[in-house]
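[1] quick one: sequence and predicted model below, then my questions.
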Amino acid sequence: MIKEEQMGLLVALWAVLVHALACADVLHAGEQPLSRIAIRRATAAVVDSASVKARPAVLGLKGQSSD
């Protein structure tokens with residue numbers, strides 16, 4: 001059984017965690033998590049050793065290859 005002191009500590013830690021999440025806008029339901037990425041400032045570089053393996057299960061079993 002949890003002692004009274006431990007229960008008080010758990011409640012305090014829970015309150016701090018909820019407050020931190022609320023302050024960090026993690027609980028904000030109207031914003032997508034990746035919407036803050038500045039894609040306009042992103043750069044792309046081609047690497048000769050890069051490769052992609054795609055199987056029918058990934059591409060689609062009935063010929064679907066894009067969304």
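    That came through, no problem.

[2] show me the helices in this protein, by range?
    Assigned by DSSP state H, the helices in the chain fall at 4-23, 56-59.

[3] among the ones you listed, which comes closest to Leu34?
    Proximity to Leu34 (CB to CB) singles out helix 4-23 among the helices of the chain, at 17.7 Å. (Glycine included, C-beta is placed from N, CA and C.)

[4] which of the helices of the chain has the lowest average pLDDT?
    If those are sorted by mean pLDDT, helix 56-59 sits at the bottom with a mean of 69.

[5] burial of Gln32, as a residue count?
    Gln32 is flanked by 7 other residues according to other CB atoms under 10 Å.

[6] check the spacing between Arg55 and Leu61 real quick.
    10 Å (CB to CB, to the nearest Å).

[7] ok, back up a step: adding mean neighbour count and distance to Ala42, write the helices of the chain out as a markdown table.
    Putting the helices of the chain into a markdown table (neighbours: other CB atoms under 10 Å; distance: least, CB to CB, whole Å) gives the following:
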| stretch | mean neighbour count | distance to Ala42 |
| --- | --- | --- |
| helix 4-23 | 10 | 28 |
| helix 56-59 | 10 | 24 |
